[in-house]
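Peer 1: Sequence and predicted structure below; questions after.
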Amino acid sequence: MGNGMSSNEDYILRLENINKSFSSIKVLIDINLKLRKGSILGLCGENGAGKSTLMNVLGGVYKRDSGKIFLNNKEFNPESPRDAQKAGIAFIHQELNLFSNLTVVQNFMIENLPVKKPIRLIDEQSIRNSTKKALEEFGEDISITSLISDLDMGHRQLVEIAKETSKNARIIIFDEPTTSLSNKEKVTLFNIIRRLSKKGVSIIYISHILDDIFELCEDIVVLRDGRTVGTDKKENLSKHQVIRMMVNTEINDMYPRVTKTLGENVFSAKNIFRKDVLHDIALDLRRGEIVGLFGLMGAGRSELVRALFGVDKFESGTITVNGNDVKKISPITMKKLGVAYITEDRRNEGLLIDKTIKANIVLSILKKLQGRNRLIDKTKEDSKSSGMIKKLTIKTYDQNRQKAGQLSGGNQQKVVIAKWLLTESKILFLDEPTRGVDVGAKYEIYNYINQLASEGSSILFVSSEMEELMGVCDRILIMKKGKITGELKQNEYSQEKILEMAIEW
Amino acid sequence: MKASESNLSNIININFFYKYGLYFLFIFLIIIFTILSKDFLTFDNIIYILLLTAPYGITVVGMTFVILTAGIDLSVGSIVFASGVTAIICGNAGFGVLISIFAAIVTGMIVGFINGLLISKWKIVPFLNTLATMMLVRGAALLYSSEGFVVIDDPRFMEVVTQWKLLGIPIIVFVFIIIAALGQIILRKTPIGWHLYAIGNNPMAAQKIGINVNRLTLLVYMICGTLAGLSGFIQVSLVGAVTSNFGTGQEFTIISATVLGGVSLFGGKGKILPGAVIGILIFTIIENALVLISANPYFYTIIRGFVIFLAVMLDSITNRGELR
């Protein structure tokens, strides 16, 4: 323990030897964690390391098998989320607990609505007042009567944070909060977190983005395979050490490069125009090329990819695949032409969450699996699916029984990739393929991308992480307000240049 | 050319149409029918329309609660039958009007309770669950009513609907208006109401933040059953007898009127007042007017089919696939 001098009095929360298993799989093994009062603790670990399970144990969602939790040095045994809430523990999840059909005010105290005597109608005025007060503290201009569905993700999160803090939370747990935020929104969020910690609120900040952890946190706890593998003050750790603890293998070069030769143009788009969204977009992909597409939130990255794949209609513009003009641009024709699109919204658009892993993987090639009697050939199906699971090292206990939704983020993404790899598409659009994916799986994904490119596939790699684009791509296109505002070759890469072209001045 | 097309779609904004189209349709129908028949917009006919609407409207209030949670209750037609039969049997056994009303309501409440329990505790899909109770309840009621034909002996039953009046308006109409208003107040002004909207929007999140989803689910089916039970009594006393197909297919009128009134089948959206109530008024107005202008009765089925189609189509276009 890095700070062995502190007594238990300094800690608002202590987890001691927590164990938890699901059926026969041990998910948490003798976990120890201490949170100092008013501090910000970073919790890192790959997906599947046990971070979420641990937080669910703390939050009363799961019951621990053994171990002790001390809250303010008193034993704490949460039976339900409500117990945790009453004890002053608040969660800000990646998926927000807001109801999009209700207004900000209606959402604000939804779990504990104040009522007026004598007939117990909701005291709307008092909710309105506290909502206003809480939001004003964050200095953001959000109309409290707007529907949540009319707010962007940044503002939604702000509403949720304001909501949780207004309940006098003493401990706030942030679970991957920056995933859906732009850089500017992230800065605002970090300021808010720092301000909360100064006011004496203790924070657990869970993230796979080490830069964020190192920027924000004072203490760092690393989990791997359900165990605590490191606990220390930030000053005593380097990013490199943390990565090593997380994956237990040395990743010397996060961004492996392969030598390859670029071929002819295989995909080009010209003058793509969609009112208010895309303006005069031109884009080429060469055989074996990896082209990065960067833009801040709202720049139109995903909208462009969706248009190129024919998901969204656009008003004018032409698309050429392998030298032939595409007449009817739709996902069906694009797929036939060998284009694959891996969507940003994995849970809703990329996966059938309730279906098994195998069913997901073979979904894109069902026709090819038909046997002589036109029914699906079970052996073929099994071998194709198992092949992919092996190739991409998808961690599953049973591809026929485990549902896609039960996998960790990284493994879910691998299933999506497997699905498209089976189609043997030669042109791939990857929209945020590493979002919500841990370091180890990221590294593997970069490797596949490189391997595909060296085998002659062309890849359009959309991301909001500059570092990975600079590490993987042959050139980077930068978007702003629906336009491509710049292009950088590999020898010109720098974060400053990219941001300069991406930020709206 | 492309630009002018998109301008056009801005003018005929589907959202605008969905929000206010119901009221336009309502007013449009009133104007048309006033022109077609001089008897349509008279005080007596308006009261008559309200009297016809009341029993259906009361069930629509219950159905709104159910559909708000993204559920559905197909058993209301059978509940109407069963509670009607119960009321008559009680009445004929000499229990009097008030006890018979009570018996009808309790019958509905019990079926609602069974629906709610199976759907909330055992997680049976509402559609299939209430399809099963629809058949079971009708079958049971047919059994204990000697094949579903019972006639009221006590003439006081008929008076409840036609003779009990306040300011010249049947009490039943006030009961309907009060139930609708109470329903709307519960939805808009009480924690239960807000929680129902939350459940309809995202049941998982509602569960996570500690809303008692099971209990509220049970509650909405009980409300719907209870109100359908009351409706059953009113319908019986309007007609004076029950035949074996009494209430058959009524669930479709109720559900489509609710959806037409802007209560989304996807859950979490809609109001009792004015929305769902206007929805059921449109149905009775069409029926009433077609009688007044002595139209071919088959015409009514066609128009009703068309209105249902319109309602469900608009609901799908506006609410399908939205991010929550």
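Peer 2: All right, it came through fine.
Peer 1: What is the neighbour count of residue A:500?
Peer 2: Around residue A:500 there are 13 other residues, counting by other CB atoms under 10 Å in any protein chain shown. (Glycine included, C-beta is placed from N, CA and C.)
Peer 1: That one should be in a strand, yeah?
Peer 2: No - secondary structure assignment (DSSP: H, G, I helix; E, B strand; the rest coil) places residue A:500 in helix, not in a strand.
Peer 1: Next, count neighbours for the nearest residue to residue A:458 once chain neighbours are set aside.
Peer 2: The shortest distance from residue A:458 to any non-neighbouring residue, by CB to CB, 6 or more residues apart in numbering or on different chains, is to residue A:285 (4.2 Å). Neighbour count of residue A:285, defined by other CB under 10 Å: 24.
Peer 1: same check, this time on residue B:61
Peer 2: When neighbours are counted by other CB under 10 Å, residue B:61 registers 28.
Peer 1: so which helix or strand takes in it?
Peer 2: helix B:43-68 (DSSP states H and E).
Peer 1: which parts of that helix are buried?
Peer 2: Within helix B:43-68, the residues that qualify as buried are B:45, B:49-68, counting by 16 or more other CB atoms under 10 Å in any protein chain shown.
Peer 1: list the helices and strands the next helix or strand after it packs on?
Peer 2: On the C-terminal side of helix B:43-68, the closest following helix or strand by DSSP H and E is helix B:76-92. When contacts are defined as 3 or more CB pairs under 8 Å, 6 or more residues apart in numbering or on different chains; DSSP states H and E, helix B:76-92 packs onto helix B:43-68, helix B:97-121, helix B:126-144, strand B:150-151, helix B:156-162, helix B:213-239, strand B:241-242, helix B:250-260.
Peer 1: ranking the ones you listed by mean pLDDT, which is last?
Peer 2: Note on the helices and strands packed on helix B:76-92: lowest mean pLDDT is at helix B:156-162, with a mean of 77.
Peer 1: Residues in contact with stretch B:106-123: which ones?
Peer 2: B:71, B:73, B:75, B:78-79, B:82-83, B:86, B:124-126, B:129-130, B:133, B:137, B:213-215, B:217-230, B:232 (CB atoms under 8 Å, 6 or more residues apart in numbering or on different chains).
Peer 1: Sort out which residues of that stretch are buried, please.
Peer 2: Quick answer for stretch B:106-123 (16+ other CB under 10 Å): B:107-120.
Peer 1: now stretch B:279-296
Peer 2: Buried residues in stretch B:279-296 (16+ other CB under 10 Å): B:279-290.
Peer 1: next one: stretch B:92-101
Peer 2: The neighbour-count check on stretch B:92-101 (16+ other CB under 10 Å) flags B:97, B:100-101 as buried.
Peer 1: got it, and stretch A:382-390?
Peer 2: A:384-385, A:388-389.
Peer 1: and what of stretch A:285-299?
Peer 2: So stretch A:285-299, judged by 16+ other CB under 10 Å, has buried residues A:285-297, A:299.
Peer 1: got it, and stretch A:141-158?
Peer 2: A:142, A:144, A:148-149, A:151, A:154-158.
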